[in-house]
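Trainee: sequence first, predicted coordinates after that:
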Amino acid sequence: MERILQGFERAAGASAAVRFVDVMLRGAGQVMFMDNPLTGLFFLAAILWGAFAVGAPLIALAGLLALAVATATGMLGGFDRTSWRAGLFGYNALLTGLALGTFLAPGAMLFVFVVIAAAFSVFVTEAVGRFLRLHAVAGLTFGFVLTTWLFLLASHGFAGLPAGGLPSAALPGGAVVVASDPLAPGAFLAGVALSISQVFLKDSIIAALLFLAGLAVASLSAALLAIAGAVIAVAVAHLAGAESDLVTGGLLGFSPVLTAVALGSVFGKPTPRGLAIAGFATVVTVIAQAGLNAGLAPFGLPALTMPFVLVTWLFLLARPASEG
Amino acid sequence: MERILQGFERAAGASAAVRFVDVMLRGAGQVMFMDNPLTGLFFLAAILWGAFAVGAPLIALAGLLALAVATATGMLGGFDRTSWRAGLFGYNALLTGLALGTFLAPGAMLFVFVVIAAAFSVFVTEAVGRFLRLHAVAGLTFGFVLTTWLFLLASHGFAGLPAGGLPSAALPGGAVVVASDPLAPGAFLAGVALSISQVFLKDSIIAALLFLAGLAVASLSAALLAIAGAVIAVAVAHLAGAESDLVTGGLLGFSPVLTAVALGSVFGKPTPRGLAIAGFATVVTVIAQAGLNAGLAPFGLPALTMPFVLVTWLFLLARPASEG
Amino acid sequence: MERILQGFERAAGASAAVRFVDVMLRGAGQVMFMDNPLTGLFFLAAILWGAFAVGAPLIALAGLLALAVATATGMLGGFDRTSWRAGLFGYNALLTGLALGTFLAPGAMLFVFVVIAAAFSVFVTEAVGRFLRLHAVAGLTFGFVLTTWLFLLASHGFAGLPAGGLPSAALPGGAVVVASDPLAPGAFLAGVALSISQVFLKDSIIAALLFLAGLAVASLSAALLAIAGAVIAVAVAHLAGAESDLVTGGLLGFSPVLTAVALGSVFGKPTPRGLAIAGFATVVTVIAQAGLNAGLAPFGLPALTMPFVLVTWLFLLARPASEG
C-alpha cells in the first residue's frame, strides 16, 4: 500500500490534474484528520454509497462540487501551499456541501449556494485557523459549522431556495423524550455504526464500514478510537434516557466519535491519562450534543459537529503545556 | 477644500471647543471609515435630513447626543489620544444613538439610556479593539452592534422603556417570502440608494446622496465602492428571491456596502485580486444578512451591521500575511 | 484571626486531607474572589443555611459534591499547583453544583450529572483562563456559566433528567413588566440583601449576612463594595421600572454585586476614577442583566452571572495599559 501511495505521489508531482485530485482526496480524508488520499477515496466511496442508498445522489454531488470548488479556491487564493496540499482547505467544504444538499431543497439555486459556500468556507477555515494559532489550537470543523449555519439560516430569506429538510424551529422543552428500555444488541450495533457514518451526514451501516476501512488504512488506532467513541456515545446516551431514535440513528454519536479520535490520537498522546481524558471528553460531548440540540431548536438549526468542536477546543486549551 | 480643512485644523489646535466639534465630526465620518471632519459634516446633514423627512427629529437628536457623550467619555476616560482625535470612539456611539432612537419609544428614559449606552460603547469599542489587536484586525462597528443589542433587549425588562419600533420576536421559517419579478429600474435605483442611507438607519434617497458626497470629498474610490457594493447587494438579493420590500428598501444592502468599502479600499488594496475578493465578500455579506435576519428573529432583534462585521472579520483574518 | 489562619495553614502543610479541605474552602471563597479558607467557611455556612431554610438541603449537597469533585480533578489533572491551592478550580464547580441542584429535578441522575459537570468545569476554567491570559484578563465565572448552560440545555434531551425548576422557554417581549411604585424601605433592604445572597443562588437575608461576614473577614472594602453594588443595582433597576419581584428578590442585583467587587477592588484600584468606572460598570451590569434575561428567554435558560462576566471582561479589556 505504501508503494501505491508513493506512485500516486510521484504522478501528482508530475501532473497538476493528478495533484488536484490528490488534494481533493486528502481533503476528504481530513474530515477525520487523515492526510491520506487512500483514506479520502474510501470516504468518498462511502459518501456515494450512502447517498445512492437513500436515493439522493444529488447530496453526494453537492459534496463533491463543494470539495472541488474549495480545492480550487485554496489553490488560487494565495494561501499556504503546504496546508493546501494536505487537504486542509477541503474538508470543511465537503461537509458544507453534504449538509446544504441534505437540508435544502434540490434545484439550480442550491448548487449556486453550494459553490459560494464552498469558496467562503476556505476563507472561514483560514480565518479560524489564524485566530486560534496564537493559542496552539486547530480550527477543527468550525469552518463547516459556521458556513453551514449561515447558509441554512439564509434560506429563510430567499424564495429561490426552499429549506427542504431543515427541522422546524421550536422552543426547547416542548417535546417529550421517548426512551425505550432496554437497548437491543442489534439496535446497539446499529447506533455504533451510524454514529460513525453520521460524521458525514450518512445513515448507512455499509458506509460506516467503508469509513472505518478508510480510517484503518491510515491509522488503525484512529479506527479503534472511532469505534470506542461510538460505543461510549451510544451507551451514555441510552443510560441517560435519550430519545431512542436519536441513539440508534447515530445522531448523538457522531460528535463524540470525532472527539475520541481527535483527543485520543490526533492531538493527544495515547497514554493512560491521555486516553482517560479523551474518554471523559467523549462522555461530555454526548451531553454537549443534547445541549446544543436543545439550544439550536429556536433557530431550527442542526447542531452539526459543533459539540465536538466546542468540547475538543476546551480540552485542547486546557491541556498541560508539557503536552501541548 | 484642503485649505478649509487646514484652517479648521488650526482652529481646533487653538480651541478645545473647536477640537471637540472636530472630533465629533470625525466620529461621524468614521462610520464609513473616513477620518475627515468635512465627511462627518455631510453625514450629519444626511442624518438630520433623513430624520426630519420622516418626522422623527428625536432620532437625530439621540444620535448627536450619543456622539457628544462618547466624544466626552473618550476624552476623559484615559484612552489613546490619537485614536480619540481620529474620531474612533465616536462612530459606534452615533450609530447606537440612532438605533436606540429608531427602535425604542421616545421619552425621558430613552435619553437616559442613550447617554449610558453611548458612554458604555466607548469602553466596548476600546475592549474589542484591544482584543483584536493581537490579530491585526479592527473592531469595525461591533461596539455599536453589541451595545445596541444589549440595550434593545434590556427594554423588555423595564416598564419605563417601551420597545416602540422593535420587530416582534418570532421563530424563523414561519413567514412566506414575497419576491416580485422582475425588479423595475426605479425600484432598483431606490434599492441602491437606500442601501447606502440604511448604513445610518435612514430611509431617504436625498440622505443617500449626501452620504455619497461626504464619502467622495474624502475618497472618491470609497464612494464608488459604496455604489458598487449597493448594486451587487440589490442584484444578488433580488436574484436569490429575497423579499422585494427588503431589497428596494435597502435593508439587505447596507452591510454589503460597508464590506465593499472596507475590503475594497480601507483595509485592502485595489488590485484585481483584492477587488475580486472584496466583491465575493460583498456577495457573501448579502447571504449573511439574510442568515442573521433569520437567526435573530427569536430575539426580536435587528441584525444591524453584524453581517458586515462578521464577514469582514473573517476575510481580514484570512488575508495573506503579505497583504496584512 | 491571622493566628487561626496560620495554624490552619501549618496543618494543611502536614496533612493532605487538611490541605484538601483548605483548598475546598478557598474554592468557596473564590466565588467572590477571596483566597481565604475562613471566607469559604462563612460562604459554605451561608449556602447550607440558605438551602435548609427553603427545605432543599440537596441543593447544598450538590454544591458541596461538585466542589469536592472539582478539587480532586484539579489536584489529579496535572494543572498548575499554585492555582489549585488558591481554590481557582473550585468556585465554578461549586456554583455549577448549586445551579444544577436548583434548576433540575432531584434524583440519582442529577448527582451523576453534577459529578460530570464539576469535573468538566475544571477543564473549562483552565481553557478559558488560558485563552484570556494573552489579554491579561481573568476567566471570572464564565466556566460556571458555560458548563451550567450546557448541562441545563442537555436535560431537555434526557428522559432520565427532568428539568424541574427551569423557566419555560418563551419569546421575549410577550410578558408585561409589573413595576410597583414606590419601593418601600423594607423591600429596598430586602432587595439589597438578596442581591448578595443570590450570587450563590440563595434567597435568604441571613445567608446574605453570612456572605458579607465572610467577605469582611478577608477584605472589608470588598464587603462595602458588595453592599454598594447591591444598592446601586436595586436603585437603578427600580428607577428603570423593572419587575418589582425581580428587584426585591435580588434577581437583578447579584451580577452587579460581583461587578462592583471585581472592578472596585479585586482587579481595579480604589482611586476616585477607578471607583467611578466601577460604579458605571455596575449600572451597565443591571442593564445587561435585563438584556440577557430577555436574550436567553427563547432557550429557557437563566442568565446566571453572565452579565457580570460580559461587562467586567469589557471593562478589564478597556482599562488603560498603565492600570493593567
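Mentor: Noted; the coordinates are in hand.

Trainee: which other helices and strands does the helix or strand containing A:L317 contact?
Mentor: Using DSSP states H and E, A:L317 falls within helix A:306-318. If contacts are counted by 3 or more CB pairs under 8 Å, 6 or more residues apart in numbering or on different chains; DSSP states H and E, helix A:306-318 sits against helix A:142-154, helix A:254-261, helix A:272-296, helix C:108-133. C-beta here means a position set from N, CA and C on the backbone, and glycine is covered the same way.

Trainee: wait, which of the ones you listed is closest to chain B?
Mentor: helix A:142-154 (3.8 Å; CB to the nearest CB).

Trainee: need the contact list for the residue in the stretch 101-250 of chain A that chain C sits nearest to.
Mentor: Closest residue of the stretch 101-250 of chain A to chain C, CB to the nearest CB: A:G241 (3.3 Å). A:G241 sits next to A:177, A:179, C:109, C:158-161 when contact means CB atoms under 8 Å, 6 or more residues apart in numbering or on different chains.

Trainee: among the residues you listed, which are located in helices?
Mentor: By the criterion of DSSP state H, membership of the contacts of A:G241 in helices covers C:M109.

Trainee: just send the contacts of A:G241 back as CSV, with pLDDT, neighbour count and distance to chain B too.
Mentor: Listed next are the contacts of A:G241 as CSV, based on pLDDT from 0 to 100; neighbours: other CB atoms under 10 Å in any protein chain shown; distance: CB to the nearest CB, whole Å:
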residue, pLDDT, neighbour count, distance to chain B
A:V177, 87, 19, 21
A:A179, 83, 21, 26
C:M109, 92, 19, 29
C:F158, 93, 23, 23
C:A159, 88, 17, 25
C:G160, 84, 19, 28
C:L161, 85, 26, 24
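
Trainee: OK, contacts around A:G74?
Mentor: A:23, A:83-84, A:89-90, A:122.

Trainee: in PyMOL, select just the buried ones from those residues.
Mentor: Of the contacts of A:G74, the buried ones go into a single PyMOL selection, burial set by 16 or more other CB atoms under 10 Å in any protein chain shown:
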select buried, chain A and resi 23+84+89+90+122
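
Trainee: how about the most centrally placed residue in chain A, nearest residue that isn't a chain neighbour?
Mentor: Centroid-nearest residue in chain A, with CA atoms, centre = their mean: A:V199, separated by 4.4 Å. Distances taken as CB to CB, 6 or more residues apart in numbering or on different chains put A:F254 closest to A:V199, at 4.5 Å, once the chain neighbours are dropped.

Trainee: what number of residues lie near A:D35?
Mentor: 15 (other CB atoms under 10 Å in any protein chain shown).

Trainee: now swap in the one 3 residues further on and tell me
Mentor: Using other CB under 10 Å, the number of residues around A:L38 comes to 19.

Trainee: need the residues of the stretch 1-150 of chain A near chain B, please.
Mentor: A:77-79, A:109, A:113, A:116, A:119-120, A:122-124, A:126-128, A:130-131, A:134, A:149-150 (CB under 8 Å from any CB of the partner chain).

Trainee: could you rerun that using 6 Å?
Mentor: Taking CB under 6 Å from any CB of the partner chain as the criterion, the neighbours of chain B within the stretch 1-150 of chain A are A:78, A:120, A:123-124, A:126-127, A:130-131, A:150.

Trainee: quick one, phi/psi of A:T141?
Mentor: phi -100, psi 20 (degrees, to the nearest 10).

Trainee: roughly how far does the closest residue to it other than its chain neighbours sit from A:V261?
Mentor: Spatial nearest neighbour of A:T141, chain neighbours left out: A:T305 (4.6 Å); criterion: CB to CB, 6+ apart. As defined by CB to CB, to the nearest Å, A:T305 lies at a distance of 12 Å from A:V261.

Trainee: have a look at those two and say which one is more surrounded.
Mentor: A direct count of neighbours by other CB under 10 Å for A:T305 and A:V261 places A:V261 higher, at 31 against 28.

Trainee: where does pLDDT dip in chain A?
Mentor: Within chain A, the ranges that satisfy pLDDT under 70 run A:321-324.

Trainee: domain boundaries for it, per the record?
Mentor: With domains defined by automatic domain parsing, chain A comprises A:1-166, A:170-324.

Trainee: can you redo the ones you listed as CSV with distance to B:L95?
Mentor: Putting these into CSV (distance: least, CB to CB, whole Å) gives the following:
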stretch, distance to B:L95
domain A:1-166, 23
domain A:170-324, 26
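
Trainee: residues of the stretch 151-300 of chain A that sit close to chain B?
Mentor: A:153-154, A:156-160, A:169, A:298-300.

Trainee: which two among these are spaced furthest apart?
Mentor: Distances among these were taken as CB to CB; the most separated pair is A:G160 and A:P298, at 24.9 Å.

Trainee: could you measure from the closest residue to A:V266 other than its chain neighbours over to A:G87?
Mentor: Using CB to CB, 6+ apart and skipping the chain neighbours, the partner closest in space to A:V266 is A:F33 (4.4 Å). To A:G87, A:F33 is 10 Å away according to CB to CB.

Trainee: of the two, which one has the most company?
Mentor: Neighbours per residue (other CB under 10 Å) separate A:F33 from A:G87, with A:G87 holding more: 29 against 21.

Trainee: tell me if that one really is in a helix.
Mentor: No. Looking at A:G87 with DSSP: H, G, I helix; E, B strand; the rest coil, it is coil, so not inside a helix.

Trainee: circling back: quick check on the residue of the stretch 101-250 of chain A closest to chain C: phi, psi?
Mentor: Dihedral angles for A:G241 - degrees, to the nearest 10 - are phi 80, psi 40.

Trainee: now do A:S83
Mentor: Dihedral angles of A:S83 (phi, psi; degrees, to the nearest 10) stand at phi -60, psi -40.

Trainee: of all the residues of the stretch 1-150 of chain A next to chain B, which comes closest to A:A226?
Mentor: Closest to A:A226, out of all of the residues of the stretch 1-150 of chain A next to chain B and judged by CB to CB, is A:V124, at 25.5 Å.
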